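>>> Quick one, structure for this:
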Amino acid sequence: MESPCHFSFDPVQTKWYPSRVFSFLGPAMKKRSFRLRLPPLLLLFTTITMTTACSKQLPTDTPRSVAFWEGDFQTLFDDSIDPAIVGLNPTASDTQPTYFTRGQTAQLASRARVTTVTVEGSKQAPQITMVLRLMGPPIVGQPPSYDTVTITVSPQNRAFNLIRSNPMRLSGAQVIVFLREFDSPEGRVTHWHLARDTQQTADAASRGALLGPRSD
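Numbering: from 1, shown residues only. Just a heads-up that it's a prediction; the model follows:
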């Protein structure tokens, strides 16, 4: 089982690394960026940060039990992206029944635009940071108080090579992001999935949410 992803809100000490930034706002550029120095237990494969004025939790309009990330949840919230987002063939899980179930189990599903994809760190310890800007009313869940989601992916994550190979295609892409919080021995963690933004996917997720939450 891959290590889970984590919310990151509180300020911590930082260490500077050179980075490559790919943005739909402009060409590749050099900049200075920081990498969070975290305790060993929190050196996780994926980190999610919500930029918000106040709230630090995922909103939800219906109760969701805080399950462990196991079984079907590892497929539904797999910390990965649909290859179709970058123009590749979709995977077997890129089906309307799967998105129906994602909508049924997600705490938040929303359209978003990938504003930047940053490749940073050293060759021995690279990482990728994606910044997503939420767009419009959510498909599933209550409107959140934050409007930006930052996802940091390490080489151990299944999506790392796909993202690293296609940063320019991913930058500027419009996607649907699915988020759900899970329990773990280290505390609450959040897993995610990025889908290609199509009306069929949005409709399937919306129908799943209307049916009601599935917690098992």
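>>> Next one, pLDDT for Q127 please.
On pLDDT, Q127 comes in at 93.
>>> Pass me the low-pLDDT residue ranges in the chain, would you?
1-65, 68, 92-94, 213-216 (pLDDT under 70).
>>> any chance you could map the strands in it?
5-7, 14-23, 26-36, 46-52, 80-81, 108-121, 126-140, 146-153, 174-182, 189-196 (DSSP state E).
>>> Quick one: list the elements packing against the fifth one.
Judged by 3 or more CB pairs under 8 Å, 6 or more residues apart in numbering; DSSP states H and E, strand 80-81 is in contact with helix 160-165, strand 189-196. All C-beta atoms are positioned from the backbone trio N, CA, C, and that covers glycine.
>>> The last one relative to strand 126-140, how many degrees between them?
Pointing back at strand 189-196 there. Using axes from the mean of the first three to the mean of the last three CA atoms, to 10 degrees, the inter-axis angle of strand 189-196 relative to strand 126-140 is 80 degrees.
>>> Okay, now the sheet partners of strand 189-196, with direction.
strand 80-81 (parallel), strand 174-182 (antiparallel) (DSSP bridges).
>>> Now render those strands as JSON lines, adding mean neighbour count.
Shown next, in JSON lines, are those (neighbours: other CB atoms under 10 Å):
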{"stretch": "strand 80-81", "mean neighbour count": "24"}
{"stretch": "strand 174-182", "mean neighbour count": "22"}
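>>> just so I know, which of these lies nearest T101?
Of all those, the one in closest proximity to T101, counting by CB to CB, is strand 174-182 (10.4 Å).
>>> Could you double-check that Y99 lies in contact with A205?
Yes - here Y99 reaches A205: they are 5.1 Å apart, a contact under CB atoms under 8 Å.
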